[in-house]
Each structure stands twice: as C-alpha cells, then as structure tokens.
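In: One predicted model, sequence on top.
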Amino acid sequence: MAVVALLVGGGLGYALHPELNPGDKITVPPAFYKVIGTYNSIKANYYKPISSTKLANGAINGMMESLDDKFSTYLQNEDKKNLDDTMSASFGGIGATIEQNGTKLMVQSVQPTSPAKKAGLRAGDQLIAVNGKSVEKKSVTEAVAKIRGKIGTSVKVTIRRDSSDQTVTMTRARITQATVTSALNQTDKSVGVITVATFSEPTAGQFENAVKKLRKEGAKKFVVDLRGNGGGELNTALKMASMGLKNGKTIVKVQDRAGKTQVYKAGKGYDEGFKITEPIAVLIDGDSASASEILAAAWNQSAGVPLIGSQSYGKGTVQNVAELGDNAEVKLTIAKWLTPNGSWINHKGLTPTIKADYPAWAKIAGFATANMKLGDESTDVKSLQTSLAALGYDVGTVNGYFGPTVQTAVQKFQQDNRLPVTGQTNDATLTKLITLLSAKLQNDDTAMAAAVKQLDK
C-alpha cells in the first residue's frame, strides 16, 4: 500500500500522516474467521461461479459502510481515477472548458497550446457530439467524462459554429487545471480578488503567482474567495496558510485517536519565504469545507483576518488514502483537526465575522428544459420566475406555474432584449437571461461588497 498525503471536505478527504499506513502490519483477528469461512462456503457451494475479486470488493465495501462515516470509503476504477485527477489537478484531455448555457453545452475557453487550440476550437462553439455520439442532452459532467481519457489516445469532437457542424480529431494530452483565478475588484482597483476552487497539488504555486500578478497590477489588499471550495490536499492548505501568517503562528492542530496532538505552525518550510503582508479578507459559505476551513480558521484566529459570508460546512476530520494496487484505494478517517484556538468545528462550521450571502436568485442550479410555455408547472418554471423577478419583471407569485402573468413577463423580457416575442422560453431566451443574471451578480455580490468595505476601513 502506498499512502497519498491529502485532506479534503464536502465529499472528499485526504491524509496527513503518510507513516500511518494501515498495510504495514497485517493480522487476522478471530472475528474474521467467519469472513474467511463465508468466502470458502460461497466459493465451494454457491450455485454459480463467482469472482473472488467481486467477493473481496464486497467485503471491503461492507467494512467501510459499517464505519458509518461518509468520508471513509472504498474507491475503485473510475472513482479512484476521478479522485486522483482532482488531487493532481491534471488529466488526459483536450484543454477546453465546457459550460452549460441554457440547455446547450458551449466551449467557454480554450487553453493555449492545447489540443483544442491546435484543432481550431473557439470559445462560443457548441459541443454536439463526442466520438460520433450526441451529447446535446447530456450534462456538462457526462460530456466532459467522454472527452477525457488516457493521455495519447484520440478523441473525435463535433462542434457547431455559425449553424455549421464540423468534427475534429485530437490526441489527448496532460491538462493541468487552473484551480486559482484572480482579478482586480471592479469597484476598487486597489483590491485583488483571488478565487480558489480547490486545494490540489499545483494550487499553492498558482496562488502565489496570483498574488504577485495582482501586486504588479496595483493591488494593495486581497479578498480570498473560498466559497464553494470543498477542500483538497492538507499540505497545500498548510503552504497557503503559512503565506499569510508570521512564522511560528499556529495553522492547525491535528489530534489522533489516542488524543496525541500535533501542532502545525507557519514557517519557511511551508511558504519558502513568500509572505502576504497586505490586509486580507476571506469569503466563506456553506460549501467551504475542510482545507478551506483550515485556511480560513488559521488566518482568522492567528492573524485576525475577517471571515465574511455564511456559516461554513463544518468538516473537522482528516483522511488518508491508501492505494490497493492500480485500480483501487481506501480513503479512511484517521484523525480530527482543531483550529488554532483548539476548537473542533465538525458539524458546526466557522461563523463569519460579517454575515453576508448570495441573493436567493444566484443559487438557481440551472434549467433542465429550454422550452416553457403557458400552462406548464415545474421547478424550472419556478427558477424562471425567480430569475425574471431578480431582473425587475413582474411574475406574480413565485409558485412554479407558468400563468398569464409569467407569459407577459417573458414577452416583455424578449422585447427588451430584441428576441422574437413568443411568450415562451427557448435556448436564446434562457441564454440571455443567464447572461444578464451573471452580470448582475457582479454588482449584487453582497459578500464581496462587504469584504471590500471591510478592507477599505
């Protein structure tokens, strides 16, 4: 077994102590004699042949489920690969970002020097098919899974541009994801905004580069946006936390099952001498978990950095990942972590210094259908009502029913945006609606506004 050193929240979790390898000593206690006896009985007497591998996997899954811990799990094949890809922030792909736009799958961006760039793909192309099979009714996740694959293998992608379809063949290459994005705040150019999507292997380096870039652009203070960040590698969180703390300040405390506590402190061993001395504010929400919470708590309690947003997720445990060959691994909770002041936030989360949240309309997941009309009743209609109301249109009661008032609102929206006035929604109507809402969020992000205001004090 090879142990990977990681830590994550939300639905993931990773190890802290590579030396805690559960495969170092193998013993079979008497209680497992029944397991072996059951295996022998099945292999000898079951009415049809059954794979030993299948039985072994079933036994492992049963042991993991008996822990009643959603962060301890047995991962095989594609699940293992997905986890490994997430942690390395790299995969075999073509270097194009796909997004849901209404009911269409669109190319959002293309990485320089990537297979997609060389093949001529552009932002705004509609994704139609992968390897000859339509993906028009697939989710982004499903479509991307078909595009990704083993490095060096070929994939055919069909895109639609200006009503014309074209198919290109590309060779998958190693693609490294950008886990950090940055820009100057639109209302205050002295504030640099750094959004961290996850804590993967390259994240600390990307974070440092973002700080340096924003400094050159004139940033004198920083907002670090951890909203929606479910966590990642603990070592990455330690590096980033150390960048914002004076050497010797506590980052996190980790306590094993025997109650032994190890304290991790900021220092050159983590940050290699790179420090952020400018004022910082951190944004968190209910999806900020684990490594995100470690970073937020470290800066808040050891440097007085304000936390702005809503209560965080509350994942206070540490996992390790032990590989069981090429196609399987066990992710197991091995310890709990405490904030610098010794608090265990498990199932509680971090309480923000200043409470602020996205408006309700910004939390709409999307639309399952593009075509809605008079008389329809669905959650999509409710999302439509909420969206139109956010843009100032009268939709009456937001109840999920497409009545005459909603029809009039759709007609007015279509007229205002120079779309065919039908009173029914379609791809063009929803695409415009989403575009306007995205732009509105830039101005109505109350948490971001509160962070900038706090930094300006």
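Out: Everything's here; your move.

In: which residues in the stretch 1-150 of the chain form helices?
Out: 33-45, 52-66, 77-88, 115-118, 140-147 (DSSP state H, counting those that start in this stretch).

In: winner for burial among these?
Out: The highest mean neighbour count among the helices of the stretch 1-150 of the chain, using mean count of other CB atoms under 10 Å, belongs to helix 115-118: a mean of 20. No exception for glycine: its C-beta is placed from N, CA and C like everyone else's.

In: For that helix, name the packing helices and strands.
Out: strand 104-110, strand 164-171 (3 or more CB pairs under 8 Å, 6 or more residues apart in numbering; DSSP states H and E).

In: can we see that at 7 Å?
Out: strand 164-171 (3 or more CB pairs under 7 Å, 6 or more residues apart in numbering; DSSP states H and E).

In: Tell me which other helices or strands the strand it packs on touches.
Out: helix 115-118, strand 154-161.

In: Looks to me like Thr181 is in a strand.
Out: Yes - the assignment for Thr181 by DSSP: H, G, I helix; E, B strand; the rest coil puts it in a strand.

In: Correct me if wrong: it contacts Thr195.
Out: Yes - here Thr181 reaches Thr195: they are 4.8 Å apart, a contact under CB atoms under 7 Å.

In: returning to that earlier point: mind putting the helices of the stretch 1-150 of the chain in TSV, mean pLDDT included?
Out: TSV is the format used below for these (pLDDT from 0 to 100):
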stretch	mean pLDDT
helix 33-45	93
helix 52-66	93
helix 77-88	73
helix 115-118	92
helix 140-147	87
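
In: To Val318, which of those helices lies closest?
Out: Nearest of these to Val318, taken as CB to CB: helix 77-88 at 14.7 Å.

In: Keeping just the C-alphas, turn the closest one into CSV.
Out: Output in CSV follows, covering the C-alpha atoms of helix 77-88 (Å, rounded to 0.1, in the frame of the first residue of the first chain):
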residue,chain,number,x,y,z
ASN,A,77,-11.6,2.2,-11.1
GLU,A,78,-13.3,5.4,-12.4
ASP,A,79,-14.0,6.7,-8.9
LYS,A,80,-10.3,6.3,-7.9
LYS,A,81,-9.2,7.9,-11.2
ASN,A,82,-11.6,10.9,-10.6
LEU,A,83,-10.2,11.4,-7.1
ASP,A,84,-6.6,11.2,-8.3
ASP,A,85,-7.3,13.6,-11.1
THR,A,86,-8.9,16.0,-8.7
MET,A,87,-6.0,16.0,-6.4
SER,A,88,-3.3,16.3,-9.1
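
In: coming back round to it: need the helices and strands packed on strand 164-171 in a markdown table (columns: distance to Asp416).
Out: A markdown table is the format used below for those (distance: least, CB to CB, whole Å):
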| stretch | distance to Asp416 |
| --- | --- |
| helix 115-118 | 35 |
| strand 154-161 | 27 |
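
In: looking at those, which is closest to Asn57?
Out: Asn57 lies closest to strand 154-161 among those, at 29.7 Å (CB to CB).

In: Tell me which residues of the closest one come out buried.
Out: With burial defined by 16 or more other CB atoms under 10 Å, the residues of strand 154-161 counted as buried are 155, 157-160.

In: So for Lys221, which of the helices and strands packed on strand 164-171 sits nearest?
Out: Across the helices and strands packed on strand 164-171, closest to Lys221 is helix 115-118 (CB to CB), at 35.0 Å.

In: Can you name the residues in contact with the closest one?
Out: The contact list for helix 115-118 (CB atoms under 7 Å, 6 or more residues apart in numbering) reads 94-96, 110-111, 170-173.

In: which one of the helices of the stretch 1-150 of the chain lies closest to Trp337?
Out: Of all those, helix 77-88 comes closest under CB to CB, at 18.0 Å.

In: Output the contacting helices and strands for the closest one.
Out: Helix 77-88 packs on no helix or strand, going by 3+ CB pairs under 7 Å, 6+ apart.
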